[in-house]
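J.: All I have is the shape, not the residue letters:
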Ligand SMILES: C[C@@](CO)(OP(=O)(O)O)[C@H](O)COP(=O)(O)OP(=O)(O)OC[C@H]1O[C@@H](n2ccc(N)nc2=O)[C@H](O)[C@@H]1O
Ligand SMILES: Nc1ncnc2c1ncn2[C@@H]1O[C@H](COP(=O)(O)OP(=O)(O)O)[C@@H](O)[C@H]1O
């Protein structure tokens, strides 16, 4: 087999030629202003959930991308894919090759940064594969890419570019519910009436117990929830379906909602109940990473 023909893709998540692209969850999302270029200033507590896509790389003389998995339908495989955009940003027209395969589990355009997480995973995997350093301008791939490159809970401000790592959070489990309606991010921002709302407290408390953390979150907001629900009222039905959670909110610009549960068993029971009642929805569960 020639070097160019090798497409022996590693199949184990976390193997050397593979990287997980974990879902990004905005536990809070405050819209605090707007820049002159139209981009919104945000203040958001962002975590990664242990539910994600998997990106694999194998040596090849040319760059290629194939996609499989339950979330693959409708995701572009051409140069519009954020994985290939990330490869182009890193390669800078040098013509490097790699055979990439994306196992797409996360729904797209769902407020959980699936595309941004894939882009971040591509930058990290290909930087290692090609022996390059990560580019500083990753945000040009999307405002959420920098936070997806970071590990552990983060406070995200600016337009997504100002990141402050947070101490570990109390352990908890998330149930993610998506009613399978696309809610494009620009349309939700455009429908946001009040673009200058209060930020989170300047200094975030440190949380030793889950109840304390959930109490704090209850006092915070997702300012994009109202315009997203106005566009897709089924989001309110998702929140109702999570009514046994300690807290249920929408992530990002929607439509995915999350419920916070204390134990894996409680989260799994909620996942099974909702999946049974709503077979056409996407319902998944996983721990908050770095908690
Ligand atoms: C709202 C957030 C919150 O984490 O998440 P998602 O709902 O996308 O998951 C992000 O800020 C989205 O990040 P991302 O989806 O990468 O944004 P981009 O591709 O750069 O921008 C898509 C569009 O969203 C709007 N946008 C995005 C970020 C921002 N700070 N202000 C904005 O106004 C702009 O209309 C832009 O054209
Ligand atoms: N690898 C990818 N996975 C998902 N969507 C992608 C990908 N590459 C490009 N896209 C496009 O990016 C858009 C936003 O995707 P995504 O990041 O999942 O949503 P959101 O910004 O709501 O979190 C989608 O409309 C999709 O067509």
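T.: Perfect, I can see it now. Just so we're clear, the structure is a prediction, and the values are computed from it rather than from any experiment. Ligands and ions are numbered 1, 2, ... in the order given.
J.: how many neighbours does residue 149 have?
T.: Counted with other Cβ atoms under 10 Å, the neighbours of residue 149 add up to 18. For glycine as for every other residue, the C-beta is placed from the backbone atoms N, C-alpha and C.
J.: The host helix or strand of residue 273 - contacts with which helices or strands?
T.: Per DSSP states H and E, residue 273 falls inside helix 264-277. Where contact means 3 or more Cβ pairs under 8 Å, 6 or more residues apart in numbering; DSSP states H and E, helix 264-277 is packed against strand 173-178, strand 257-261, strand 282-287.
J.: So what touches it?
T.: 173-175, 177, 241-242, 244-245, 259, 261, 281, 283-285, 287 (Cβ atoms under 8 Å, 6 or more residues apart in numbering).
J.: In it, which residues are buried?
T.: 266, 267, 270, 271, 274, 275 (16 or more other Cβ atoms under 10 Å).
J.: and these as CSV, adding distance to ligand 1 and pLDDT?
T.: Formatted as CSV, the buried residues of helix 264-277 follow (distance: Cβ to the nearest ligand atom, whole Å; pLDDT from 0 to 100):
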residue, distance to ligand 1, pLDDT
266, 26, 98
267, 21, 98
270, 22, 98
271, 21, 98
274, 21, 98
275, 22, 98
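J.: Reformat the residues you listed into a markdown table and put distance to residue 102 next to each item.
T.: Below are these laid out as a markdown table (distance: Cβ to Cβ, whole Å):
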| residue | distance to residue 102 |
| --- | --- |
| 266 | 31 |
| 267 | 26 |
| 270 | 28 |
| 271 | 24 |
| 274 | 26 |
| 275 | 24 |
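J.: Not counting its neighbours along the chain, what's nearest the residue of the stretch 1-150 of the chain found nearest ligand 1?
T.: Using Cβ to the nearest ligand atom, the closest approach of the stretch 1-150 of the chain to ligand 1 is made by residue 142 at 2.9 Å. Leaving aside its sequence neighbours, residue 142 sits nearest to residue 116 (Cβ to Cβ, 6 or more residues apart in numbering; 4.7 Å).
J.: show me what contacts the closest residue to ligand 2 within the stretch 101-250 of the chain?
T.: Proximity of the stretch 101-250 of the chain to ligand 2 (Cβ to the nearest ligand atom) peaks at residue 115, 2.8 Å away. By Cβ under 8 Å, 6+ apart, the contact list for residue 115 reads 82, 108, 109, 142.
J.: Swap in 6 Å and give it another go.
T.: Residues in contact with residue 115 (Cβ atoms under 6 Å, 6 or more residues apart in numbering) are residue 82.
J.: tell me which element it is part of?
T.: Using DSSP H and E, residue 115 sits in helix 114-130.
J.: Tell me where the stretch 151-291 of the chain has helices.
T.: Taking DSSP state H, counting those that start in this stretch as the test, the helices found in the stretch 151-291 of the chain are 185-190, 210-218, 225-231, 234-241, 264-277.
J.: What residues does the stretch 51-200 of the chain have near ligand 1?
T.: Applying Cβ under 6 Å from any ligand atom, we find that the stretch 51-200 of the chain lies next to ligand 1 at 111, 113, 116, 142, 143, 144, 159, 160, 185, 186, 189.
J.: The stretch 151-291 of the chain against ligand 2: which residues are in contact?
T.: Going by Cβ under 6 Å from any ligand atom, the residues of the stretch 151-291 of the chain near ligand 2 are 185, 252, 253.
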